[in-house]
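Undergrad: here is a sequence together with a model predicted from it:
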Amino acid sequence: MKRLRRNDVIHERQSEFSPILFDVLFGLLIFLGIDSFLGLRDAAHVAFYLASMAVILHWWLKYKAADDAYGLEVNGSTLDLLFGICEIALLQMAMLSAAQADYATAIAYFAMPLVLESVWAVLWRFFGTWRHSSAKRARYLEQELDYTIFLNLGTAFALGVIIVLSPLMTVSDLILSFVLAYFIYIALTHRYEIIDVKLL
């Protein structure tokens, strides 16, 4: 008698380990971020830290939207899991730097997950197989991956320029530049449907 395999009897969507894990990790990241509010020093520090929390929330929304879009294709991927854990670890390092008012280091850590996600998107764009998707859905997913690569690398480059120029900038200019660059990125991810949040 032929040995039954897991995929023969268990629908792939029942495997929800990856989304649950990331929800828990982001929940911990947000909780630890809120817990650090007591150690903030001045108005500039509070502004940067609030912007950092907004970045973390944006990443969580991106993960939720990506799970809806790519879930059937990537949830069982070990590589996807490793990329996600590395990105969350970098975001945690960014929050730790933000809590210590080490603004340039925090910005560098916020740029790194953008580059890492771009590498993930390139791998799925050129080597991914869309076994569970129609041709139209596969074309949409590839389009979203193209947008992700373009927007992430562009934002990472902008943050890199801010880091290079940071010794020449005042603290307020540094924070304002970071907020402006990242919130343009947030607006563009909404425009190109990388996050799926309706304004009304």
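TA: Nice, I can see it.

Undergrad: what about the helices in this structure?
TA: Under the criterion DSSP state H, helices of the chain are mapped to 6-9, 17-35, 43-74, 78-99, 103-127, 135-165, 171-191.

Undergrad: for stretch 127-141, measure first residue to last.
TA: Terminal residues of stretch 127-141 lie 13 Å apart, using CA to CA, to the nearest Å.

Undergrad: my understanding was that Ala158 contacts Ala181; is that so?
TA: Yes - with contacts counted by CB atoms under 8 Å, Ala158 reaches Ala181, the gap being 4.5 Å. The way it works is simple: take the backbone N, C-alpha and C, and place the C-beta from them, glycine included.

Undergrad: what's the most buried one of the helices of the chain?
TA: Scoring the helices of the chain by mean neighbour count under mean count of other CB atoms under 10 Å gives helix 103-127 as the most buried, with a mean of 20.

Undergrad: skip the chain neighbours and tell me the closest residue to Thr129.
TA: Computed as CB to CB, 6 or more residues apart in numbering, the closest residue to Thr129 that is not its neighbour in sequence is Glu73, at 7.9 Å.

Undergrad: no, scratch that, I was asking about Leu40
TA: Val46 (5.1 Å).

Undergrad: now the one you found: how far from Phe110?
TA: Val46 is 17 Å from Phe110, where distance means CB to CB, to the nearest Å.

Undergrad: swap in Leu91?
TA: With the distance defined as CB to CB, Leu91 ends up 7 Å from Phe110.

Undergrad: need the overlap of contacts for the two.
TA: Val55 (CB atoms under 8 Å, 6 or more residues apart in numbering).

Undergrad: lowest-scoring secondary structure element of this protein by mean pLDDT?
TA: When the helices and strands of the chain are scored by mean pLDDT, DSSP states H and E, helix 6-9 comes last with a mean of 52.

Undergrad: need the contact list for the residue nearest to the spatial centre of the chain.
TA: The residue lying closest to the centre of the chain (CA atoms, centre = their mean) is Trp59, at 3.8 Å. Residues near Trp59 by CB under 8 Å, 6+ apart: 26, 87, 91, 113.

Undergrad: I'd say the last one and Ala89 touch.
TA: No - in this structure, Pro113 sits apart from Ala89 without contact. The criterion is CB under 8 Å, and the distance is 9.0 Å.

Undergrad: and the pLDDT at Tyr192?
TA: If you check Tyr192, the pLDDT there is 91.

Undergrad: for it, give me its contacts.
TA: 144, 147, 151.

Undergrad: what does Ala104 give?
TA: By CB under 8 Å, 6+ apart, the contact set of Ala104 is 163, 166, 174.

Undergrad: show the pLDDT at it.
TA: pLDDT, read off for Ala104, is 97.

Undergrad: Val197 contacts Ala187, doesn't it?
TA: No - checked against CB under 8 Å, the pair Val197 and Ala187 is beyond contact range at 11.6 Å.

Undergrad: Leu82 versus the spatially closest residue to Gly84 that is not a sequence neighbour, what's the distance?
TA: Leaving aside its sequence neighbours, Gly84 sits nearest to Phe22 (CB to CB, 6+ apart; 5.8 Å). Phe22 sits 12 Å away from Leu82, taking CB to CB as the criterion.
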